[in-house]
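Engineer: Predicted structure and sequence below. I'll ask about it afterward.
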Amino acid sequence: MSSNPGTSMPAETTLLVASLIDAGTAAIRANADALGELDRAIGDGDHGVNMVRGFSAIAEAREAIRALPLSSALEEMGKLLVMNVGGASGPLYGSLLLAMGRAAAGGNASAGKMLEEGIAAVKKRGRSDRGEKTMLDVLIPVQLALAQACAEGVAVRDAIERVKRAAREGLESTRPLLATKGRASYLRERSIGHLDPGACSSSLLVHAACDAFLESTKP
Amino acid sequence: MTDRVAIVIVSHSPDVARGAAAMVRQMVGREVRVAHCGGNPEGGLGTNVAAIKHCIEQVYGPKGVAVLVDLGGAETNSEMAIEMLPKEWQANIVVCSAPVVEGAVMAATEAAGGSSLAKVRATAEEMFR
């Protein structure tokens, strides 16, 4: 880990990172069974336990990660997901966080810009795009909602509400879709009518990140 | 042996990986370097980036490495593992689009004759188009 002893991080950054870890881990743990259930319907059933394994590794490294600048913290979380998840979601979520971390490295990238870079990395890693019943069906509308809210200059709370709604609607949008990526694609038409487990974990994590952000900005 | 393309077998199942490697050895003996891995970081069904990376490091040579994988996550995790290896190796490692058992045997048989990585990959892939 590229820890940086001697330089202490601004309190708001360590608070945000710690909140992100806590909220993300709690959301994944609380919904592990539901994720497994969704994955059993159209995949191999391991999405819940895989994500728990990844987030437990992050939770274990919480104190070291929160001491890092935001960019390195995101990259470290990405690496831990890559090395611990054990399914395709490891490299997919790992690539998302690694790219978001790299985008944050300059120190003045917006959350929208970071997410844009992260999504580009997920598209590349999964050779996939919106409409294929994957996590991108949540992440892309979330990014668009965030960009729109920023462009309109709405209040933070309203922006957060819009982002959460985009995540929920994005998740629901996967139900009628035909899967063309991952193991769900083997089911062809039978994949229709089920929510995508990766889209579900993405929606959970977006909600968790929104709550963590609000938590860390509380006066 | 390092003048032959090496083979890495990646399956979700440790048993499948071990079995496929045994079939390859039966065909080509020790002429071709073969490494295999299967299972998630806890040993259950799945794949493990660190284990895949370690396998490639074990057998890597100047002729390159052909990686045979079973299902989606094995491919994604193998691509991730390759990106974590030295830049100058990366162009010399390919993930073959072929069934893991048959592809591994075909690839190893071709590799045993001293063929290039491109030829080894083509042989593994062409039978199953």
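Structural biologist: Received it, and whenever you're ready, just let me know what you need.
Engineer: show me what contacts the residue in chain B positioned nearest to chain A?
Structural biologist: The minimum distance from chain B to chain A, using Cβ to the nearest Cβ, falls at B:Asn40 (2.8 Å). Glycine gets a C-beta too; all of them are placed from N, C-alpha and C. Counting by Cβ atoms under 8 Å, 6 or more residues apart in numbering or on different chains, B:Asn40 touches A:46, A:50, A:53, A:85-87, B:46-48.
Engineer: how far away is it from A:Met77?
Structural biologist: According to Cβ to Cβ, to the nearest Å, B:Asn40 stands 19 Å off from A:Met77.
Engineer: ok so B:Val67 is a strand residue?
Structural biologist: Yes. Assessed with DSSP: H, G, I helix; E, B strand; the rest coil, B:Val67 lies in a strand.
Engineer: Which pLDDT value belongs to it?
Structural biologist: Listed pLDDT for B:Val67 reads 98.
Engineer: before we move on, what about B:Val105?
Structural biologist: pLDDT, B:Val105: 96.
Engineer: same thing with the one 5 residues further on?
Structural biologist: In the predicted model, B:Glu110 carries a pLDDT score of 97.
Engineer: So what does it look like in phi/psi?
Structural biologist: phi -70, psi -40 (degrees, to the nearest 10).
Engineer: dump the residue contacts of it.
Structural biologist: Per Cβ under 8 Å, 6+ apart, neighbours of B:Glu110: B:5, B:119-120, B:123-124.
Engineer: name the element the residue of chain A found nearest chain B belongs to?
Structural biologist: Closest approach between chain A and chain B, counting by Cβ to the nearest Cβ: A:Gly86, at 2.8 Å. Assigned by DSSP states H and E, A:Gly86 falls within no helix or strand.
Engineer: And for A:Leu115?
Structural biologist: Counting by DSSP H and E, A:Leu115 is part of helix A:111-126.
Engineer: ok, that helix near chain B or not?
Structural biologist: Yes. Using Cβ under 8 Å from any Cβ of the partner chain, we find that helix A:111-126 touches chain B at A:125-126.
Engineer: for that helix, packing partners?
Structural biologist: On a contact count with 3 or more Cβ pairs under 8 Å, 6 or more residues apart in numbering or on different chains; DSSP states H and E, helix A:111-126 meets helix A:89-104, helix A:136-152, helix B:72-83.
Engineer: Any chance of TSV for those helices, columns mean neighbour count, distance to A:Val122 and mean pLDDT?
Structural biologist: Output for those, formatted as TSV (neighbours: other Cβ atoms under 10 Å in any protein chain shown; distance: least, Cβ to Cβ, whole Å; pLDDT from 0 to 100):
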stretch	mean neighbour count	distance to A:Val122	mean pLDDT
helix A:89-104	25	5	97
helix A:136-152	20	6	97
helix B:72-83	24	11	95
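Engineer: Give me the nearest residue to A:Asp22, chain neighbours excluded.
Structural biologist: Using Cβ to Cβ, 6 or more residues apart in numbering or on different chains and skipping residues adjacent in sequence, the residue nearest A:Asp22 is A:Ala212, 7.3 Å away.
Engineer: Surely the one you found is in contact with A:Ala27?
Structural biologist: No. Taking Cβ atoms under 8 Å as the definition, A:Ala212 is not a contact partner of A:Ala27, at 9.8 Å.
Engineer: What pLDDT is listed against A:Ala11?
Structural biologist: In this model, A:Ala11 is scored at 79, pLDDT.
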